[in-house]
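Enquirer: From the sequence below, what's the structure:
(one chain, ligands or ions: 1)
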Amino acid sequence: MEDLPLSQLIDSLKNNYEEVIDIEINKNHFVKASVFSMEDELSGEFYINPFNGDKIGDIPKKKPLFEWTTNFHRSLFLKTPGRIFIGIASFFLFLISITGTILLIKRQKGFKKLFAKIVKDDFYQYYHVIFGRLSLIPIIIISLTGVYLSLYRFELIPEKTLESRIFESTQEIDLENTKIDLFNQLTLQEISKLEFPFSSDEEDYYILDLHSKSVKVHQYSGAIIEEIEYPFSETLQKLSFNLHTGNGSILWSIILGIASLNILFFLYSGAVISFKRLRTSIKNKYSPEEASVIILIGSENGGTKRKGILLQQALLKLKKKVYLDELNNYREYRSMKSLIILTSTYGEGDPPSNADRFLELLKEINHSQHIDYSIVGFGSHAYDNFCQFAKDIDKALTKYQNYSPTLPISFIHNQDYAEFNIWATNWAKTKDLNLQLPESLGGKKEKLSPFKILEKNSVQDEYNDTFTLHVEAKFNNFQSGDLLGLQPSQDSAIRWYSIAKTAPRKILLSIKRHELGLCSNYLNDLSIGEQFEGFIKKNKDFHFPSTASEVILLSNGTGIAPFIGMLQHNTKKVKTTLFWGGRTEDSFSIYQAWVQDAMDTDKLSRFELAYSRENGELKYVQDLIKPELEYLVETLNNGGVIMICGAINMQNDVLKLIADACKNANKHNIEYYQANHQILTDCY
Ligand SMILES: Cc1cc2nc3c(=O)[nH]c(=O)nc-3n(C[C@H](O)[C@H](O)[C@H](O)COP(=O)(O)O)c2cc1C
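Expert: Here you go, the predicted model:
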């Protein structure tokens, strides 16, 4: 159809109808004609077959819903003010998409990495970025063309004067035999509209709209009388209209449709992200001069800051003079005794934006008093430089003699609240504080469920401080390595126990009794058949690996519990070694049967143990693995996994030994294996 000469269409129309007013060829290559004829049904506007001029269909009326939506979209039914409003909204959408692109480039650390892998650490942020990458370009186009259409509509586009050229006709006029060469030469694809002369008067011309100009053609001689070039603004208006509406391309319409849905998602996810950030504004009761505990935060998206605020509130409840601020606001704190630094890491081990000046400030600002500090790094093993910025601060602080660590640096993966709670409890212990953070973030109460005591075993040695409880749950969807939380009284903090799943719904807990420990004594006092209330939290970063070539389990004290459960489920009989350190031979008695059973069934290949209070020698897990470090690193190298559970000091020592051994082996550093989920820890 596109190659059909215009003259042929004109001839067919003239043959079929009394009078032709105009024809229009739309983007979808349909030919619409406006004609008069003797027969009523063949008069009016309808689609025609371009080859013979026959009517092929009526022009469908726009559906009311479609019309309603178009009106709403263009002006919100507010006529001109509505259109102005929509124009301004388009402009803002354009600005947001441009700034969004810049932020995305910044977040990805460069234009080249715009399409690099994105780590899913927060649902809304992740999909904000994923959808952003896919639809920012269409959204920029939608908004920019929307702005242009509004400007055009309000005649705010500087109009170039029309270029009109008038030709003197020299051609002869043959009224009997008009043959217009131009119409023979033009095909339908080159024209968009043709208006027929109004009457047979010589002064009435054909008005032919081509894609870039409009031409007046003499109806008898075929001479071009006038040519008007469309100004660029008009061409741009047409292009904008097509790009904005998807007119003429189904594929582009689909892309625009998806991008528009994404705009809705962006509105929502953007609002959630902003809300989360706003919710975490810092308020202080004490001035920086009077506070003895200073909490400094490095946080980009507010996760770490929220933890800092919870900690601040818990300390205020204990009447502590605490001051919370961002790391970049570091200054002289005259009364500071304790410094707590909670910081996340971004980019490639870089500080978050509210902490990027801290290391410089630290050099400039001097404190003369003695300060004990504790650093908690928030990060994700999905990145190569796990908690690197927290490590950098730790390293920087060791240079100052008046700064001494209260606890070794702690790391928290994926904002794990239970891990943070454990760190906070440990920190509070060093200060003899009964610190109580809320049970869970957002104040959501965990659903409690009863656990019934089936069996109890206690160590009968001079320390007499450890016991196991075999309990039955009401449900079964948990795994060894998950955490059981329980709160012995309304106003006490939650205690967490790493669990062993020994059979469906059966859990083995290993508990160390503290003389004044509320929770351990409460559990110790329960008899067989009694129950306690608690809840289970998934701890998916500490499950037995499903695909490792070999597994090494390192534990001390009650930290053996999750491993007992894991061994039971090692039905594939993956080569597994267990190292355990306890105080006395008796302290092993409560686990012995489980370990023996795992050995007998080949679920455990090797077992090594160390006693720290037996035979006068002080032997710890650390001592057990010292001669095995080469083997440990080799296992990691071959795709094996090391899991560590028990006391935090043991974990820190062991990690240091492994880190040094990795360095000596000259292959990968320890961070590589941590990022690769080959070193899993759950210590307290
Ligand atoms: C773009 C980007 C880069 C990140 N880079 C690292 C990194 O190098 N090392 C790391 O341990 N965590 C990294 N993370 C994870 C964050 O540190 C982690 O999500 C943290 O919980 C964020 O805390 P915030 O909400 O307080 O900013 C990165 C996260 C994002 C989004």
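Enquirer: ok now do the residue of the chain found nearest the ligand, which residues does it touch?
Expert: Proximity to the ligand, evaluated over the chain using Cβ to the nearest ligand atom, is greatest for Gly379 at 2.2 Å. Quick note: C-beta positions are derived from backbone N, CA and C, even for glycine. Gly379 makes contact with Ser344, Thr345, Asn385, Phe386, Cys387, Gln388, Ala390, Phe411, Ile412, His413 under the criterion Cβ atoms under 8 Å, 6 or more residues apart in numbering.
Enquirer: could the residues you listed go into a markdown table alongside neighbour count and secondary structure?
Expert: Written out in a markdown table, the entries for those read as follows (neighbours: other Cβ atoms under 10 Å; DSSP: H, G, I helix; E, B strand; the rest coil):
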| residue | neighbour count | secondary structure |
| --- | --- | --- |
| Ser344 | 28 | strand |
| Thr345 | 27 | coil |
| Asn385 | 17 | coil |
| Phe386 | 21 | coil |
| Cys387 | 27 | coil |
| Gln388 | 20 | helix |
| Ala390 | 27 | helix |
| Phe411 | 21 | strand |
| Ile412 | 24 | strand |
| His413 | 20 | strand |
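Enquirer: Now for those: which two are most distant?
Expert: The largest distance within the contacts of Gly379, taken as Cβ to Cβ, falls between Asn385 and Ile412 and amounts to 15.1 Å.
Enquirer: Show me how the record splits this protein into domains.
Expert: 1-61+161-230, 78-158+238-274, 280-442, 446-683 (automatic domain parsing).
Enquirer: In a markdown table, list those domains along with mean pLDDT.
Expert: Listed next are these as a markdown table, based on pLDDT from 0 to 100:
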| stretch | mean pLDDT |
| --- | --- |
| domain 1-61+161-230 | 86 |
| domain 78-158+238-274 | 88 |
| domain 280-442 | 92 |
| domain 446-683 | 91 |
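Enquirer: All the helices of the stretch 201-350 of the chain, in order from the start?
Expert: Taking DSSP state H, counting those that start in this stretch as the criterion, the stretch 201-350 of the chain carries its helices at 232-245, 250-279, 303-317.
Enquirer: how many neighbours does His514 have?
Expert: When neighbours are defined as other Cβ atoms under 10 Å, His514 has 11 of them.
Enquirer: gap between it and Asn434?
Expert: Counting by Cβ to Cβ, to the nearest Å, the gap from His514 to Asn434 is 13 Å.
Enquirer: Provide the partner residues of the residue of the chain closest to the ligand in its beta bridges.
Expert: Beta-bridge pairing for Gly379 (DSSP bridges): His413.
Enquirer: Roughly how far does it sit from Glu671?
Expert: Per Cβ to Cβ, Gly379 is found 10 Å from Glu671.
Enquirer: What ranges does the stretch 1-150 of the chain have for its helices?
Expert: Ranges of helices in the stretch 1-150 of the chain, per DSSP H, counting those that start in this stretch, are 6-16, 64-75, 79-107, 123-153.
Enquirer: can you put these in CSV and add mean neighbour count and distance to Ser292?
Expert: Output for the helices of the stretch 1-150 of the chain, formatted as CSV (neighbours: other Cβ atoms under 10 Å; distance: least, Cβ to Cβ, whole Å):
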stretch, mean neighbour count, distance to Ser292
helix 6-16, 18, 90
helix 64-75, 12, 60
helix 79-107, 15, 37
helix 123-153, 19, 36
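Enquirer: So what does the nearest residue to Leu9 once chain neighbours are set aside look like in phi/psi?
Expert: If the residues on either side of it in the chain are set aside, Leu9 comes closest to Pro50, at 5.2 Å by Cβ to Cβ, 6 or more residues apart in numbering. Listed backbone geometry of Pro50 is phi -70, psi -20, with angles given as degrees, to the nearest 10.
Enquirer: what number of residues lie near Pro50?
Expert: Residues within reach of Pro50, counting by other Cβ under 10 Å, total 23.
Enquirer: For Phe386, see how far away the residue most central in space within the chain is.
Expert: For the chain, the residue lying nearest the average C-alpha position, counting by Cα atoms, centre = their mean, turns out to be Tyr126 (1.7 Å). According to Cβ to Cβ, Tyr126 and Phe386 sit 19 Å apart.
Enquirer: How about Lys431?
Expert: With distances taken as Cβ to Cβ, Lys431 is found 28 Å from Phe386.
Enquirer: just Pro408 next, same as before
Expert: Applying Cβ to Cβ, one obtains 15 Å for the distance of Pro408 from Phe386.
Enquirer: for Ile25, same thing?
Expert: As judged by Cβ to Cβ, Ile25 and Phe386 stand 63 Å apart.
Enquirer: Now do stretch 575-595: distance to the chain's middle.
Expert: What separates the centre of stretch 575-595 from the centre of its chain is 42 Å, taken as Cα atoms, centre = their mean, to the nearest Å.
Enquirer: no no, stretch 204-211
Expert: Centroid separation for stretch 204-211 versus its chain: 56 Å, with Cα atoms, centre = their mean.
Enquirer: ok, and what's touching that stretch?
Expert: Stretch 204-211 has contacts (Cβ under 8 Å, 6+ apart) with 180, 182, 186, 190-198, 214-219, 225.
Enquirer: Selection in ChimeraX covering whichever of those residues are buried, please.
Expert: Listed next is the ChimeraX selection for buried residues among those, using 16 or more other Cβ atoms under 10 Å:
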select :180,186,191,192,194,195,196,197,214,215,216,217,218,219,225
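Enquirer: Against the ligand, which of the contacts of stretch 204-211 make the cut? List them.
Expert: Restricting these to those touching the ligand (Cβ under 6 Å from any ligand atom) yields no residues.
Enquirer: Could you list which of the contacts of stretch 204-211 belong to strands?
Expert: If you go by DSSP state E, these have Ile191, Ser192, Lys193, Leu194, Glu195, Ser214, Val215, Lys216, Val217, His218, Ile225 in strands.
Enquirer: Just give me the closest of those to Lys447.
Expert: Distances from those to Lys447 were compared by Cβ to Cβ; the smallest belongs to Ser192, at 66.7 Å.
Enquirer: so that closest one makes contact with Ile23?
Expert: No - contact criterion Cβ atoms under 8 Å: Ser192 and Ile23 do not qualify, at 9.8 Å.
Enquirer: tell me how far the ends of stretch 286-294 are from each other?
Expert: When the termini of stretch 286-294 are compared using Cα to Cα, to the nearest Å, they are 10 Å apart.
Enquirer: An error on my part: the question was meant for stretch 346-365.
Expert: First-to-last distance for stretch 346-365 - Cα to Cα - comes to 25 Å.
Enquirer: Say whether the ligand is contacted by it.
Expert: Yes - between stretch 346-365 and the ligand, judged by Cβ under 6 Å from any ligand atom, the touching residues are Tyr346, Gly347, Glu348, Gly349, Pro352.
Enquirer: I'd assumed Ser380 was in contact with the fourth one.
Expert: No - the pair Gly349 and Ser380 does not pass the contact test of Cβ under 8 Å, sitting 12.0 Å apart.
Enquirer: interface residues of the stretch 301-450 of the chain facing the ligand?
Expert: For the stretch 301-450 of the chain, the residues in contact with the ligand under the definition Cβ under 6 Å from any ligand atom are 301-305, 344-349, 352, 378-380, 383, 385-388, 415.
Enquirer: Looking at the contacts of Gly379, which one is closest to Ile507?
Expert: Sorting the contacts of Gly379 by distance to Ile507 puts His413 at the head of the list, at 23.9 Å, by Cβ to Cβ.
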